[in-house]
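Chemist: need a structure here:
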Amino acid sequence: MSVKDGYSFDEAYRRYLSWFQEKAVSSAVPKDQEAVLGFQLCHEDVFENDSILLNRMFFVVPLLPSESKSGRLELFTISELNLLQKAGDDVEDIMPVEYTVQIF
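Modeler: Numbering: from 1, shown residues only. Next up, the predicted model:
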């Protein structure tokens, strides 16, 4: 499967760090990679047939007003598209396909 406009998680995380450096006050500390994954907001099934399921997960990482240069809540979002291999109703394998980034 080819990836259009997608990133690896490492690249999405580097973009988060760049955004954080631009938006955060000097005393603020960025979230580590594991903490970023803890900010899962929701997910949706994009496609499904008998053998595969495409599911997109959304992570919204906040920069609190006390941490931001603007004094406002800033949001960094990552979406993760996953390909799940199915065997009947059971999932046998999950493979991240692409990550995308949006800033609010």
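
Chemist: Not counting sequence-adjacent ones, nearest residue to the residue nearest the centre of the chain?
Modeler: In the chain, the residue lying closest to the centroid (C-alpha atoms, centre = their mean) is Ile78, at 2.7 Å. Closest residue to Ile78 apart from its sequence neighbours, by C-beta to C-beta, 6 or more residues apart in numbering: Phe59 at 4.5 Å. For glycine as for every other residue, the C-beta is placed from the backbone atoms N, C-alpha and C.

Chemist: any idea how far the worst-scoring helix or strand of the chain on mean pLDDT is from the chain center?
Modeler: None of the helices or strands of the chain scores lower by mean pLDDT, DSSP states H and E than strand 90-103, at a mean of 88. How far strand 90-103 lies from its chain's middle: 9 Å, per C-alpha atoms, centre = their mean, to the nearest Å.

Chemist: With stretch 38-45 instead?
Modeler: 8 Å.

Chemist: pLDDT on that stretch, on average?
Modeler: Average pLDDT, stretch 38-45: 97.
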